[in-house]
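Undergrad: Quick one, what's the 3D model for this:
(4 chains)
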There are 2 protein chains.
Amino acid sequence: MYRLSAAQSQSSEETEDEPRTLAEAVYRRLRSDILWGQLPPGAALRSDQLRETYSIGISPLREALSRLTAERLVTAIGQRGFRVAPLTVDDVRDTLETRIVLESEALRRSIAAGDISWEKSIIANLHALSRLPIPDRAGTAAETWARHHREFHLALIAASRSRWLFEFASLLFDQAERHRAVTMRIVKMANVARDALKEHKEIADATLARDAASAVKLLGRHYRSTANLLIEVIERNSLGIDREKIGLVETSAAQRGTAKKGRVTRPLSGKAPRRTPKRK
Amino acid sequence: MYRLSAAQSQSSEETEDEPRTLAEAVYRRLRSDILWGQLPPGAALRSDQLRETYSIGISPLREALSRLTAERLVTAIGQRGFRVAPLTVDDVRDTLETRIVLESEALRRSIAAGDISWEKSIIANLHALSRLPIPDRAGTAAETWARHHREFHLALIAASRSRWLFEFASLLFDQAERHRAVTMRIVKMANVARDALKEHKEIADATLARDAASAVKLLGRHYRSTANLLIEVIERNSLGIDREKIGLVETSAAQRGTAKKGRVTRPLSGKAPRRTPKRK
DNA sequence: TCGAAGCATATTTTGGAAATTAATGATATA
DNA sequence: TATATCATTAATTTCCAAAATATGCTTCGA
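TA: I've put the predicted structure just below:
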């Protein structure tokens, strides 16, 4: 029953290898589901339900939830279980500003210390992005684009030679990706990635020209423009504050409560369901 | 058997409340033991042994180890268990430089936005530090001093209004504390905290005077001087690289008193090394 | 005597059941 | 009819045993 490929070098920053343990596997699946908004912010993560959904025991499931809590993708509520971390405009703003600080520093160091293979990686990832169609809605194409997008941005700062800086930046990148995915689930925004390719090219050019000031400025502008769009959408839809409104995102896993008055599910949100006419 | 005080507001950043769950309790004990060097870098953390030592089941223990792995205080080696994270000069350097970046930004923001209660907190914590004797060796006095030291530095940046910045800074502060504690276990260094009080006062003065440039400079110098001392000691003793020299790492048992008679609270193991009689 | 393969053992990982806690519903009383 | 207390129920947390993996040791052969 347990058939896991043998390998080594287990780290918290592995990207492509096969999971070597069931806890690792369910961790990645849960993480992906949260990042892509299939498990919307505020969704209750009941162990029984998840155990059935992912066909897994309690132990690895609990370990996965524990790890996700450390990443602030899941919030643990004392002895009352886990929930997907809520999403507020403050989160978006804080994530934006903090990662600008971190990535600016990392980018400066990379520009100062980057070698040929670092340049090569940037060029390669930029090329991949230029060849991929910019997705306008969720799907496998969006996921591959996002993966290459992530690799491009991380390649920029990969030569900073700081493990902490890189780790924190990766963490915040994923947070921002969740913000983007969750928001795009409400409002289809192809314009989020409208001139993304052009911006990426400008950032890469300035970086490879070793123009740190320009590169940092362009990178900050790149992040800021996207985040501001998200903030605007979230505020318009009152996302995060009134969680019921995002409840319209149907998850494959937990949550088939169907927003009726029958509170068979939903142990925590027993409040009066404020109904507000809002188009989905 | 399970008697846990009831409370609320469980977060990853709680400081003083009682643990509400066994996993939380063992997490804190393990974390403290690692931070204070009672569990030295590289020490094997075998679940059987820990389960017996802390009188706890496997599940909460595993959860605690998982959380510590996310903090990079413990490294998980594939399917071969956990170890206390090793300690290298690169770790010390990276932690130093990264937290200078983070705390400088956070301090600037605090100085720009801090209110009266923020000033009050700084004054109070500085006063506490001035009244506490600077410890020259491990012990409860050292722990209380370190706790107030931590609170002082976190108070400085508490008004930055960035949860990520504060969280990352806290994480790195604890990392640096482990570096200091582990190193001081090898070489008694009262001089590490030699003019610490004076430096703290200067930092607080510049901060309260809203002189961001000076405050940042002083804070960086403060951290750098300590870290450089640690690096020197570590390099002289080849800590981390050649672990055998410190005699810290017994791959067999997580071993009893380490190096000195540090044993503050509890002996860690009564097991015979490796030659375990098989009883099945 | 050295090396490789197979066997035994130590240790981790996982699944399910028991215990504990929080939440819900009902009943009685004022 | 409203409120408080108690009982029931649901869900999480924890413990324990079995399965699986990796490691160490022994034995056999050259």
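Undergrad: Excluding chain neighbours, give the residue nearest to the closest residue to chain B within the stretch 151-280 of chain A in space.
TA: Nearest residue of the stretch 151-280 of chain A to chain B: residue A:164, at 4.1 Å (Cβ to the nearest Cβ). Bear in mind the C-beta positions are built from the backbone N, C-alpha and C, glycine included. Nearest-residue entry for residue A:164: residue B:98, 4.1 Å, with adjacent residues in sequence omitted and distances by Cβ to Cβ, 6 or more residues apart in numbering or on different chains.
Undergrad: What separation is there between the one you found and residue B:226?
TA: Residue B:98 sits 15 Å away from residue B:226, going by Cβ to Cβ, to the nearest Å.
Undergrad: what's the burial count for the residue in the stretch 51-200 of chain A positioned nearest to chain B?
TA: Ranking the residues of the stretch 51-200 of chain A by distance to chain B (Cβ to the nearest Cβ) places residue A:70 first, at 3.6 Å. By the criterion of other Cβ atoms under 10 Å in any protein chain shown, residue A:70 has 18 neighbours.
Undergrad: and the helix or strand encompassing residue A:100, average pLDDT?
TA: Assigned by DSSP states H and E, residue A:100 belongs to helix A:89-113. For helix A:89-113, mean pLDDT rounds to 97.
Undergrad: Also stretch A:162-173?
TA: On average, the pLDDT along stretch A:162-173 is 97.
Undergrad: Now that stretch: buried residues?
TA: By 16 or more other Cβ atoms under 10 Å in any protein chain shown, the buried positions in stretch A:162-173 come out as A:162, A:164, A:165, A:166, A:167, A:168, A:169, A:170, A:171, A:172, A:173.
Undergrad: Please export the C-alpha coordinates of that stretch as CSV.
TA: Coordinates of each C-alpha in stretch A:162-173 appear next as CSV, following Å, rounded to 0.1, in the frame of the first residue of the first chain:
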residue,chain,number,x,y,z
SER,A,162,21.3,34.4,1.1
ARG,A,163,19.2,31.4,2.1
TRP,A,164,16.9,33.4,4.4
LEU,A,165,16.3,36.1,1.8
PHE,A,166,15.5,33.5,-0.8
GLU,A,167,13.3,31.5,1.5
PHE,A,168,11.3,34.5,2.7
ALA,A,169,10.9,35.8,-0.8
SER,A,170,9.7,32.4,-2.0
LEU,A,171,7.2,32.3,0.8
LEU,A,172,5.8,35.7,0.0
PHE,A,173,5.7,35.0,-3.7
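Undergrad: Residues contacting it, please?
TA: Residues outside stretch A:162-173 that contact it (Cβ atoms under 8 Å, 6 or more residues apart in numbering or on different chains) are A:12-13, A:71, A:95, A:98-99, A:102-103, A:105-106, A:109, A:150, A:153-154, A:157-158, A:160, B:90-91, B:94-95, B:97-98, B:101, B:164, B:168, B:172.
Undergrad: redo that, cut-off 6 Å
TA: By Cβ atoms under 6 Å, 6 or more residues apart in numbering or on different chains, the residues outside stretch A:162-173 that reach it are A:95, A:99, A:102, A:103, A:106, B:94, B:98, B:168.
Undergrad: Hmm, the fifth one is touching residue A:157, no?
TA: Yep, that's residue A:106 we're talking about. Yes - using Cβ atoms under 6 Å, residue A:106 makes contact with residue A:157 at a distance of 3.7 Å.
Undergrad: what's the strand or helix carrying residue A:52 packed up against?
TA: Using DSSP H and E, residue A:52 falls within helix A:47-54. Helices and strands touching helix A:47-54, as assessed by 3 or more Cβ pairs under 6 Å, 6 or more residues apart in numbering or on different chains; DSSP states H and E, are absent.
Undergrad: quick one: buried residues of that helix?
TA: A:50, A:51, A:53, A:54.
Undergrad: Turn these into a markdown table, including distance to DNA strand C.
TA: Below are those laid out as a markdown table (distance: Cβ to the nearest atom of the strand, whole Å):
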| residue | distance to DNA strand C |
| --- | --- |
| A:50 | 11 |
| A:51 | 7 |
| A:53 | 13 |
| A:54 | 9 |
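Undergrad: ok, now which ones touch residue A:33?
TA: With Cβ under 6 Å, 6+ apart, residue A:33 has these contacts: residue A:39.
Undergrad: Can you check the pLDDT for it?
TA: Confidence score, pLDDT, at residue A:33: 93.
Undergrad: Are we agreed that it is in a helix?
TA: Yes - if the criterion is DSSP: H, G, I helix; E, B strand; the rest coil, then residue A:33 is within a helix.
Undergrad: which bits of chain A sit near chain B?
TA: Contact residues, chain A versus chain B (Cβ under 6 Å from any Cβ of the partner chain): A:8, A:10, A:20, A:63, A:66-67, A:70, A:78, A:94, A:98, A:101, A:105, A:162-165, A:168.
Undergrad: just checking: which of those also lie near DNA strand D?
TA: residue A:78 (Cβ under 7 Å from any atom of the strand).
Undergrad: which ones among the residues of chain A next to chain B are found in helices?
TA: Members of the residues of chain A next to chain B lying in helices (criterion: DSSP state H): A:63, A:66, A:67, A:70, A:94, A:98, A:101, A:105, A:163, A:164, A:165, A:168.
Undergrad: Quick check: closest non-adjacent residue to the first one.
TA: Of all residues beyond its chain neighbours, the one nearest residue A:63 is residue A:23 (4.2 Å), with distances taken as Cβ to Cβ, 6+ apart.
Undergrad: from chain A, which residue is nearest to DNA strand C?
TA: residue A:57 (2.4 Å; Cβ to the nearest atom of the strand).
Undergrad: Look up how far residue A:23 lies from that residue.
TA: Residue A:57 is 10 Å from residue A:23, by Cβ to Cβ.
Undergrad: if you count what's nearby, which of those two comes out ahead?
TA: Shown here are residue A:57 and residue A:23; by other Cβ under 10 Å, residue A:23 has more neighbours (22 against 12).
Undergrad: Now for the more buried one: which residues touch it?
TA: Counting by Cβ under 6 Å, 6+ apart, residue A:23 has contacts A:60, A:63, A:64.
Undergrad: hang on, it in a helix?
TA: Yes - under three-state DSSP, residue A:23 falls within a helix.
Undergrad: Is residue A:153 part of a helix or strand, or is it coil?
TA: Residue A:153 ends up helix, using three-state DSSP.
Undergrad: Against residue B:38, how distant is it?
TA: 40 Å.
Undergrad: Likewise for residue A:34?
TA: Relative to residue B:38, residue A:34 is positioned 36 Å away (Cβ to Cβ).
Undergrad: swap in residue A:203?
TA: From residue A:203 across to residue B:38, the span is 47 Å (Cβ to Cβ).
Undergrad: Residue A:195 now?
TA: Here the criterion is Cβ to Cβ. By it, residue A:195 lies 55 Å from residue B:38.
Undergrad: Over to residue A:117?
TA: For residue A:117 relative to residue B:38 (Cβ to Cβ), the value is 42 Å.
Undergrad: and if you look at residue A:107?
TA: 40 Å.
Undergrad: what residues are up against residue A:44?
TA: Applying Cβ under 6 Å, 6+ apart, the residues near residue A:44 are residue A:83.
Undergrad: in the sheet, who's paired with it?
TA: Beta bridges link residue A:44 to residue A:83, judged by DSSP bridges.
Undergrad: Now do the same for residue A:12: its pLDDT.
TA: If you check residue A:12, the pLDDT there is 37.
Undergrad: That's all I had, so thanks and see you.
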